[in-house]
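Asks: Sequence first, predicted model second:
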Amino acid sequence: MSLSAEGRGSFQSSTCPHDCPSTCALEIEVMPGAKRIGAVRGAAANSYTAGVICAKVARYAERVHHPDRLMRPLLRTGPRGSGQYREIAMQEALDRVAERFVDIAAKHGPEAIWPYYFAGTMGLVQRDGINRLRHVMGYSRQRSTICSTICEAGWMAGVGKFTGPDPREMAKSDLIIMWGGNPVATQVNVMTHITRARKDRGARLIVVDPYRTGTAQAADLHLPVRPGTDGALACAVMHVAFRDGFADREYMARFSDADAGLEGHLAERGPEWASAITGLSVEMIEAFAREYCTTDRAYIRCGYGFSRSRNGAAGLHAVTCLPTVTGKWRHEGAGAFWNNRGIYHWNKTLIEGLDAKDMSVREMDMSRIGAVLTGDRKELGDGPQVHALFIQNVNPVTVAPDSNLVRRGFLRDDLFTCVHEQFMTETAQVADIVLPATMFMEHDDLYQSGGHSHIQIGPKLIEAPGECMSNHDVLAELAKRLGAEHPGFGMTAMEVVDATLRASGWPSAAEVMEGRWVDAQPDFAASHFLEGFGHKDGRFHFRPDWAAIGPDHAVMPKLPDHMATIDAATDAHPFRLVTAPARQFLNTSFTETPTARKREGRPTALVHPQDAGRLGIEEGGRVRLGNSRGQVIVHAKLFDGLQPGVIIVESVWPNKDFEGGIGINALTSDDPAPPSGGAVFHDTAVWMRAIAAEAEVAPPALAAE
């Protein structure tokens, strides 16, 4: 859809594809000739985007027209990881990939090939189509745990379905609690609706986060909990609600499984108990609890920080119990919200080839790719070692946990790797063949949102440079060569978009584009669970059926609680490390753009002045962080917006930007979080030393302490 022409080009409707719940409705200036873009702005007519987008996407021309963008297929000519490649034609590159896959499947079986992907694009066709090739060919399946699995478990435990009060209702709230998220950096549109509530209603903003983020800095109150102690704070608030007469017993009797055991359990979990765990003062906890309990229109916006901790599922479950104990789900501008993914009822059979899916084919945890590639039988089972990887939309050499182990696996001589990418990432640099990929305005795709309720289409607006091909087209070409037969391979991306919309009960692609989006938000009663929660009994569950959620359920608490399973500080590892998102990056996207790099500066550790003074660390000084998995060198910034004993390293910087080429994920663990897995990036115990104080150079990063 063409909007009003401005300047040199005309503005066309599109959708931001990046891994952010905002899924912003965009207007992109397309220059004459349809080969370049100009300005990128938010769609003012969209009631959630409301004309506001992040600075990263506003300067997208810097990324799509970057001089270092991949334009031609590359064939490795030197040792793996040497960076020695030569250009080849796309047809030759695809032939080589298919030939290797055929040979490996014949020798080791199809499970020796592992298509590996994630959320470099959130478009349903271009992101998830890789599963169609996987299922038709019988290649190993992927358990996609690296982002939201822990939150999924925690939300489902109590609520039972992935929906909640309309996020736009925050503008009608009197109190917004941002718990475990930093929307100033990661979901800018959340701040739009919070700002409206503060301006129009005098609403207050409270942030629960281990450090003073940009969002916390803008808040009326910041609760700097120790990492992984959110459940304790939530329990203390519920304790106050019961103790001081704020518990809505009538609501609980009608809408939950609450029994006398709940109140008795929480009677032992008051502010004093929570203070010892969270590090917050009793007075701060009491004040927070009273403000929440006495405000009907109190909206809890749950962030993805819960999905980075070993006890994140239990913590998020405890937080969702708060509006249930107090009955706040009943009120407009109140309740709790994490993700709206459950409202779209997609039929993704055509996109993912679900009609060809064989559940007997092994499934491996993507967060444990290092373990997979180094032969860990917990993941491989009784099947073959992985001998081939086909990678789209993800950069595991940098972003996967335990990255020293990951790199060791990728450097195996008997591993064939094809990476389909936009830039020469650190994963592409260890590949055998690199294929150049399109960006979002160079192909067609279909989008849902997690942070709001709109279905959108992002149509192709400009021509792709060089030999760049979309994910969908590369998969279709490989399918031809491999003999993979499925209707989706013979259709264009827009045909798949249209067929998927129709099969899912939504308007056609043409109708969606004509209206620019479809608002799928359920009505008030459904969104606020006044017709019942998502469980079969229609009730909120204070006593979750963890066994129905994941296999590692025996360790989960029976009732809302602090679950003491985190990587706790010890004498040997006295600090708790959180690897929070950097404002100018999105995972490793945008780490290639000069403006983002300039604004971020360099990898930095935020260190409390008390810790710095005790260890002889100076502002800007080099420090070494380490544990049994590795060691990393960063520069220190003295920062009092966290508790002593906590370190924040905002990332994900490429490994090459760290001294010695070892990035922050060398320290993070690939331990799967209970009950159903998930990467635990913010749950790491480390030691810290001032490098100037070291008597000699520390051992190499791969060596154990």
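Replies: Received it, and whenever you're ready, just let me know what you need.

Asks: how deep is the closest residue to Phe337 other than its chain neighbours tucked in, by neighbour count?
Replies: Distance criterion C-beta to C-beta, 6 or more residues apart in numbering; nearest residue to Phe337, sequence neighbours excluded, is Gly164 at 3.9 Å. The way it works is simple: take the backbone N, C-alpha and C, and place the C-beta from them, glycine included. For Gly164, the count of nearby residues is 28 (other C-beta atoms under 10 Å).

Asks: Over to Trp546?
Replies: Around Trp546 there are 25 other residues, counting by other C-beta under 10 Å.

Asks: Touching, it and Met556? I think so.
Replies: Yes: with contact defined as C-beta atoms under 8 Å, Trp546 counts as touching Met556 (4.1 Å).

Asks: helix/strand/coil for the residue nearest to Phe337?
Replies: coil (DSSP: H, G, I helix; E, B strand; the rest coil).

Asks: follow-up on the earlier one: residues shared between the contacts of Trp546 and Met556?
Replies: Common neighbours of Trp546 and Met556 are listed as Pro675 (criterion: C-beta atoms under 8 Å, 6 or more residues apart in numbering).

Asks: Pull the contacting residues for the spatially most central residue of the chain.
Replies: What sits nearest the mean C-alpha location of the chain, by C-alpha atoms, centre = their mean, is Cys147, with 4.0 Å. The neighbours of Cys147, taking C-beta under 8 Å, 6+ apart as the test, are Asp19, Phe118, Ala119, Tyr304, Ser307, Ala679.

Asks: next one: Met71
Replies: So Met71 contacts Pro436, Pro465, Gly466, Glu467, Cys468 (C-beta under 8 Å, 6+ apart).

Asks: any chance of those residues in TSV, with secondary structure, distance to Pro574 and neighbour count too?
Replies: Converted to TSV, the contacts of Met71 look like this (DSSP: H, G, I helix; E, B strand; the rest coil; distance: C-beta to C-beta, whole Å; neighbours: other C-beta atoms under 10 Å):
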residue	secondary structure	distance to Pro574	neighbour count
Pro436	strand	46	23
Pro465	coil	51	18
Gly466	coil	51	13
Glu467	coil	52	17
Cys468	coil	48	24
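
Asks: Report the beta-bridge partner residues of Thr15.
Replies: Using DSSP bridges, the bridge partners assigned to Thr15 are Ala25.

Asks: That one against Ala25, yeah?
Replies: Yes: contact status for Thr15 versus Ala25: in contact at 6.3 Å, counting by C-beta under 8 Å.

Asks: Need the residues touching each of the two.
Replies: Gln456.

Asks: helices and strands around the top helix by length along the chain, which ones?
Replies: For the chain, the helix that runs over the most residues, judged by DSSP state H, is helix 90-108. In terms of contacts (3 or more C-beta pairs under 8 Å, 6 or more residues apart in numbering; DSSP states H and E), helix 90-108 is packed against strand 113-117, strand 388-392, strand 416-421, strand 433-436, helix 471-482.

Asks: after the last one, next one along is what?
Replies: Scanning the chain past helix 471-482 towards its C-terminal end, the next helix or strand to appear is helix 493-503 (assignment: DSSP states H and E).

Asks: got a list of contacts for that next one?
Replies: For helix 493-503, contacts defined as C-beta under 8 Å, 6+ apart pick out 124-126, 129, 346-351, 443-446, 455, 457, 459, 470, 472-473, 488, 491, 507-510, 512.

Asks: related to what we said a few turns ago, tabulate the helices and strands packed on helix 90-108 (CSV), appending mean pLDDT and distance to Tyr85.
Replies: Listed next are these as CSV, based on pLDDT from 0 to 100; distance: least, C-beta to C-beta, whole Å:
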stretch, mean pLDDT, distance to Tyr85
strand 113-117, 98, 21
strand 388-392, 98, 16
strand 416-421, 98, 11
strand 433-436, 98, 7
helix 471-482, 98, 18
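
Asks: Distance to Gly601 added to the ones you listed, as TSV?
Replies: Formatted as TSV, the helices and strands packed on helix 90-108 follow (distance: least, C-beta to C-beta, whole Å):
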stretch	distance to Gly601
strand 113-117	31
strand 388-392	29
strand 416-421	26
strand 433-436	29
helix 471-482	33
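
Asks: For Ile277, find the nearest of those.
Replies: Smallest distance to Ile277 across the helices and strands packed on helix 90-108 (C-beta to C-beta): 37.8 Å, for strand 113-117.

Asks: what comes into contact with that closest one?
Replies: Applying C-beta under 8 Å, 6+ apart, the contact partners of strand 113-117 are 101, 104-105, 127-128, 130-131, 133-134, 137, 139-140, 142, 364, 366, 369, 372, 386-394, 396.

Asks: and which of the contacts of Met71 is nearest to His608?
Replies: Distance to His608 across the contacts of Met71 (C-beta to C-beta) is lowest for Pro436, with 45.0 Å.
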